[in-house]
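> Okay, sequence plus prediction incoming.
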Amino acid sequence: MFEVITARQLATMLDSGTTFTLVDTRPRESYEAWHVPGAVHFPFGPTEELTESRLPELTALVGYEDPVVTICGKGVTSANLAVNLDRQGFDEVFAVGGGMREWSELYETASTEPDDDLVVVQFQRRAKGCLSYLVGSRTAGEAVVVDAGRHTDQYIVRAAELGLDITRTLDTHVHADHVSGGRELADRLGVPYHMGAEASERDVAVDYAPLADGESVPVGDRELTALSTPGHTSELTSYRLGDQAVFTGDALFVDSLGRTELQFGEAGAAEGARMAYETLHDVFGALPEDLLVLPGHVDVDADGRFSVGEPGALVGERLGSVRAELDLYGLDEATFVDRMTSTDAEKPANYERIIRINRGVETLADPVDAIDVETGRNNCAV
């Protein structure tokens, strides 16, 4: 009999180097767009039988010796394949309950302590590459959350584990790849929710306390200072934590920049690119080189791998190193704009609807709807 495992158990198997074959049963288009690292493809239907004609195709991928784990979109077709494998005499067979839906909601965490007082916890949404942060002062016993995802319990739990009370939440911008949990978390805790002052230009319909360029909010006796950093979006606001770090959202990644056409469209992408050029040189160019850049995303490729680092390791780099290694920094404005607007990368799934949800002009029907609308990797980088 096959065994149903969780996405967390699958991640543990992957990270520990356990020998097994992961078989993705979804249609080819879904598999090629986004899958778990190392997965092989064997399309299989919910009522299909593993016939003698298809068995050689499968055994060429997995063999009989090693354990086999099956995965699909929701856990239906993979369970059917697992049943068939069991009937065919495969010894160790597992199916991921909830499939890619559950995998897409899996988080890892990494921490850094800039000094004896500050603690920063980075929450990594493993399959999508979305990054969010709990920024706390041990002395004051308080913290803020930056770019919360919709899975808000984890921030409350981690804050409690660290002995911190969350006093406010902040979003860097109107996200296009995932549903923000910033407003919901603020409402749960009865604390302020902030966005940059330019969010009014996006007709944001949720209540927020605007932060103008240069305005600060406290984290204990430290401050988070708003920096207007448009380009990816018109209202994008980064937050500088003293001389320790800068939370850049999609304005600046460790190895790339946020694309500009998701808000501005193809016709206005060049305008956004010119904003991004000014942000890169006039705003980030004026900051100290030893600031730790903590971005809103890490790129996840179609094979499910981080472009920088590994899940569970802090995604961040000193600003001086980013300047030295990011080739976009060395381009003149015209070439920069051309590079930014010539990308043919796939857009985030359902991005227009996600933008409407995060602006507060559309409401999700239920949690399953939220899972479906967020399907896929983030695809926010150039």
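Arrived safely, thanks for sending.
> Tell me where the stretch 1-150 of the chain has helices.
With DSSP state H, counting those that start in this stretch applied, the stretch 1-150 of the chain shows helices at 7-16, 28-33, 55-62, 77-87, 99-103, listed in chain order.
> what ranges do the strands span in the stretch 201-350 of the chain?
Ranges of strands within the stretch 201-350 of the chain are 209-211, 216-219, 222-228, 237-241, 245-249, 292-295, 317-318, based on DSSP state E, counting those that start in this stretch.
> of all the ones you listed, which gets the most neighbours per residue?
Each of the strands of the stretch 201-350 of the chain was given a mean neighbour count from mean count of other CB atoms under 10 Å, and the largest, a mean of 28, is that of strand 245-249. Every residue, glycine included, has its C-beta placed from N, CA and C.
> Now do that one and strand 237-241, the angle between them.
Using axes from the mean of the first three to the mean of the last three CA atoms, to 10 degrees, the interaxial angle of strand 245-249 with respect to strand 237-241 works out to 170 degrees.
> which residues touch stretch 112-123?
Counting contacts by CB atoms under 8 Å, 6 or more residues apart in numbering, the residues outside stretch 112-123 that touch it are 107-111, 131-139, 149, 154-155, 158, 162, 219-220, 222, 241, 244-245, 292, 294, 314-316.
> First-to-last residue distance for stretch 44-55?
Separation of the first and last residues of stretch 44-55 by CA to CA, to the nearest Å is 12 Å.
> Other residues contacting that stretch?
Taking contacts as CB under 8 Å, 6+ apart, the residues outside stretch 44-55 that touch it are 25, 58, 72, 76-78, 80-81, 84-85, 87-88.
> average pLDDT for it?
Regarding stretch 44-55, the rounded mean pLDDT is 94.
> what do you get for stretch 340-349?
This predicted structure assigns stretch 340-349 an average pLDDT of 88.
> helices or strands up against the longest helix seen in the chain?
Longest helix in the chain by number of residues (criterion: DSSP state H): helix 261-278. Packed against helix 261-278 by the contact rule (3 or more CB pairs under 8 Å, 6 or more residues apart in numbering; DSSP states H and E) you find helix 333-341, helix 351-359.
> Quick check: of the contacts of stretch 44-55, which lies closest to residue 235?
When the contacts of stretch 44-55 are compared for distance to residue 235 (CB to CB), residue 72 comes out closest, at 38.3 Å.
> From what I see, residue 152 and residue 185 are in contact.
Yes. Between residue 152 and residue 185 there is a contact at 4.4 Å, judged by CB atoms under 8 Å.
> out of the two, which sits in the busier spot?
Summary of the neighbour comparison: residue 152 and residue 185, criterion other CB atoms under 10 Å, with residue 185 having more neighbours (23 against 20).
> So for residue 222, what pLDDT did the model give?
Residue 222 is assigned a pLDDT of 94 by the prediction.
> actually residue 169, not the one I typed
98.
> Quick one: residues contacting it.
Under the criterion of CB under 8 Å, 6+ apart, the contact partners of residue 169 comprise 144-146, 148, 182-183, 185-186, 191-194.
> That one: what secondary structure?
At residue 169 the chain is in strand, as set by DSSP: H, G, I helix; E, B strand; the rest coil.
> separation between it and residue 336?
Going from residue 169 to residue 336 by CB to CB, to the nearest Å gives 33 Å.
> same deal with residue 148?
In this structure, residue 148 and residue 336 are separated by 32 Å, where distance is defined by CB to CB.
> For those two, work out which one has more neighbours and name it.
Just comparing residue 148 and residue 336: by other CB under 10 Å the higher neighbour count belongs to residue 148, 25 against 20.
> shouldn't the more buried one be in contact with residue 187?
No. With contact defined as CB under 8 Å, residue 148 does not count as touching residue 187 (11.6 Å).
> Residue 38: neighbouring residues, count only.
For residue 38, the tally of surrounding residues (other CB under 10 Å) stands at 13.
> ok, for it, nearest residue in space, not its chain neighbours?
For residue 38, ignoring the flanking residues on the chain, the nearest one in space by CB to CB, 6 or more residues apart in numbering is residue 22 at 5.7 Å.
> Tell me how many other residues surround residue 171.
Other residues lying near residue 171 total 30 when counted by other CB under 10 Å.
> Next, it: phi, psi?
Reported as degrees, to the nearest 10, the phi and psi values for residue 171 are phi -110, psi 140.
> mind checking how far it is from residue 223?
When distances are taken as CB to CB, residue 171 and residue 223 turn out to be 18 Å apart.
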